[in-house]
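Q: show me the folded form of this:
(one chain, ligands or ions: 2)
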Amino acid sequence: MNRSVLITGGAGFIGSHVVRHFVKKYPSYLVVNADKLTYAGNLQNLIDIEKSDNYRFERTDIVDETAVDELFEKYKFDGVIHLAAESHVDRSISAPREFVYTNIIGTVNLLNASRRIWTDTAGKVFYHISTDEVYGSLGPEGYFTENTPYDPRSPYSASKASSDHFVRAYFNTYHLPAVISNCSNNYGPNQFPEKLIPLAINNIKTGKKIPVYGKGHNIRDWLYVEDHARAIDIIFHRGVHGETYNIGGNNEWRNIDLINLLCELMDKKLGRKEGESAKLITYVKDRAGHDLRYSIDSTKINKELGWSPAHNFREGLSKTIDWYLNNEKWLLNVLSGDYEKYYEEQYLRR
Ligand code: NAD
Ligand code: DAU
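A: Numbers count the residues shown, from 1 in each chain. Ligands and ions are numbered 1, 2, ... in the order given. Just a heads-up that it's a prediction; the model follows:
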């Protein structure tokens with residue numbers, strides 16, 4: 001193996017696609033997936049590659065400083081791709097502390113461990129995966145660029161913004177070779193069904209109500225997860241240290257329009273009468289502090305690194321629906337934890 005790469009949060013949604021991408025594409029890299037396996041982490045996501053010679057799994061809590069230091073001593077990583085996080089906005093509203101521990105302290109533990117072992121920084125990189133939510137909320141016009149001032153408005157985005165600042169501070173203060181990307185909403189297989197698209201797919205399938213927060217007029221910019229994994233590969237290898245890259249789908253949808261499209265596609269796939277699934281749409285109390293609109297300007301990564309999204313939204317959604325319909329066991333498994341109780345509590349409060 002000519003390179004040892006740590007991927008944190010590799011058992012989660014995006015992380016599992018990134019791990020698979022690196023394990024398959026770079027057989028000469030040792031890919032180490034360190035994950036605590038919270039409710040959102042699931043090793044079933046990696047069943048197809050888990051026996052690969054160049055893959056290792058380590059169950060590690062990044063908040064545990066000693067465990068992180070031991071991991072770095074064991075593998076002497078020369079690259080880090082940091083995805084592990086508490087990622088769900090609604091959970092951050094009901095219980096913010098875990099977001100501070102994992103997203104901020106966990107990131108600082110990884111930065112410290114990298115700094116300690118990288119006495120020679122040649123060929124090293126700490127790549128921090130972040131979100132467009134750090135930029136706040138847009139009105140009907142405009143886009144987030146890399147120069148948009150930070151304005152996080154939820155406990156989740158505040159914790160991600162803080163971690164981004166720490167990464168930049170380590171680059172500036174200690175010359176730690178670091179790069180950051182801020183991405184828009186991802187969708188695709190293996191996403192935990194608390195997020196809008198898999199939640200709606202699962203509820204449509206099982207005939208449960210589809211909760212639409214507020215009027216459903218909030219807008220998100222959707223990107224297929226494999227397009228994100230490809231962007232991460234490019235930035236890891238060619239991103240300029242100290243720089244930030246925005247990644248987006250150039251694909252804005254109002255929530256209600258997206259849900260109607262899902263209903264239409266699923267009526268066809270499930271052999272239901274047209275309009276049948278849309279009857280499940282239920283308007284519920286809005287998310288506290290709900291950001292109105294996110295939209296990414298991806299010009300920089302497109303012009304400087306040649307990346308653009310490859311997936312068309314209708315096809316990507318169709319593939320995603322098929323995946324959820326064909327992976328009943330996966331769904332039952334991830335839903336068997338604390339999720340149903342959490343969901344009922346959230347939902348009944350509305
Ligand atoms: P996810 O919730 O699906 O997965 C997170 C993973 O991190 C899980 O496997 C979980 O077990 C692990 N984890 C959580 N706490 C941990 C800890 N203390 N120690 C070790 N592992 C821990 O999240 P995701 O949607 O795949 O997001 C991955 C990253 O990408 C996050 O940093 C998120 O902020 C960022 N991001 C996500 C999106 C999106 O649309 N999902 C968009 C932009 C950026
Ligand atoms: O923009 C990137 C971010 O996208 C990531 O950083 C986060 O980790 C990821 O969770 C996602 O955040 P959102 O809050 O945008 O995603 P979520 O799927 O929770 O919600 C999408 C939109 O749908 C949002 O406007 C809230 C709304 N919504 C969500 C749920 C779960 C509903 O109307 N009903 C729902 O049941």
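
Q: now do the same contact list for the closest residue to residue 133 other than its chain neighbours.
A: Nearest residue to residue 133, sequence neighbours excluded (C-beta to C-beta, 6 or more residues apart in numbering): residue 157, at 3.8 Å. To be clear about C-beta, it is placed using only N, CA and C from the backbone, and glycine gets the same treatment. Counting by C-beta atoms under 8 Å, 6 or more residues apart in numbering, residue 157 touches 89, 131, 133, 134, 136.

Q: and if you look at residue 250?
A: Per C-beta under 8 Å, 6+ apart, neighbours of residue 250: 221, 296, 298, 309.

Q: count of residues packed around the nearest residue to the second one once chain neighbours are set aside?
A: Spatial nearest neighbour of residue 296, chain neighbours left out: residue 248 (2.5 Å); criterion: C-beta to C-beta, 6+ apart. A total of 28 residues lie near residue 248 under the criterion other C-beta atoms under 10 Å.

Q: residue 248 contacts residue 299, doesn't it?
A: No. Contact between residue 248 and residue 299 fails when scored by C-beta atoms under 8 Å: they sit 9.9 Å apart.

Q: mind checking the end-to-end distance for stretch 113-122?
A: Start and end residues of stretch 113-122 are separated by 16 Å (C-alpha to C-alpha, to the nearest Å).

Q: list the buried residues of that stretch.
A: By 16 or more other C-beta atoms under 10 Å, the buried positions in stretch 113-122 come out as 113, 114, 115, 117, 118, 121.

Q: what's the answer for stretch 271-284, then?
A: 277, 278, 280, 281.

Q: just how off-centre is it within its chain?
A: 28 Å (C-alpha atoms, centre = their mean, to the nearest Å).

Q: between the two ends of that stretch, what distance do you get?
A: Note: stretch 271-284 ends 28 Å apart using C-alpha to C-alpha.

Q: how about the helices in the protein?
A: 13-25, 65-75, 89-94, 97-99, 106-117, 155-174, 196-206, 225-238, 255-270, 299-305, 313-326, 328-335, 339-348 (DSSP state H).

Q: the fifth one - contacts with which helices or strands?
A: So that's helix 106-117. Under the contact criterion of 3 or more C-beta pairs under 8 Å, 6 or more residues apart in numbering; DSSP states H and E, helix 106-117 touches helix 65-75, strand 79-82, strand 125-131, helix 155-174.

Q: now for the second one, which elements pack on it?
A: Counting contacts by 3+ C-beta pairs under 8 Å, 6+ apart, strand 79-82 packs against strand 3-8, helix 106-117, strand 125-131, helix 225-238.

Q: so which of these is nearest ligand 1?
A: Among those, strand 125-131 comes nearest to ligand 1, with 3.9 Å by C-beta to the nearest ligand atom.

Q: what about the closest residue to residue 60 other than its chain neighbours, how many residues nearby?
A: Distances taken as C-beta to C-beta, 6+ apart place residue 34 nearest to residue 60, at 4.1 Å, with adjacent residues excluded. When neighbours are counted by other C-beta under 10 Å, residue 34 registers 28.

Q: how about the contacts made by residue 34?
A: 6, 7, 8, 10, 58, 59, 60, 62, 71, 84.

Q: contact partners for the nearest residue to the second one once chain neighbours are set aside?
A: Translated: residue 7. In space, and not counting its chain neighbours, residue 7 is closest to residue 81: 4.8 Å by C-beta to C-beta, 6+ apart. Taking C-beta under 8 Å, 6+ apart, we find residue 81 in contact with 5, 6, 7, 8, 18, 22, 127, 129, 232, 236.

Q: around the closest residue to ligand 1 within the chain, count how many other residues there are.
A: Minimum separation of the chain from ligand 1 (C-beta to the nearest ligand atom) falls at residue 12, amounting to 2.1 Å. Counted with other C-beta under 10 Å, the neighbours of residue 12 add up to 27.

Q: hang on, isn't it packed against residue 84?
A: Yes. Residue 12 is in contact with residue 84 according to C-beta under 8 Å; the separation is 7.4 Å.

Q: tell me, what's touching the two both at once?
A: Joint contacts of residue 12 and residue 84 (C-beta under 8 Å, 6+ apart) are residue 35.

Q: can you list the weak-confidence ranges in the stretch 201-350 of the chain?
A: When residues are selected by pLDDT under 70, those of the stretch 201-350 of the chain lie in 338-350.

Q: residue 139 and residue 185: what is the separation?
A: 18 Å (C-beta to C-beta, to the nearest Å).

Q: so the two - more neighbours on which side?
A: Counted by other C-beta under 10 Å, residue 139 and residue 185 do not tie: residue 185 has more neighbours, with 22 against 7.

Q: looking at the more buried one now. What's its pLDDT?
A: pLDDT for residue 185: 98.
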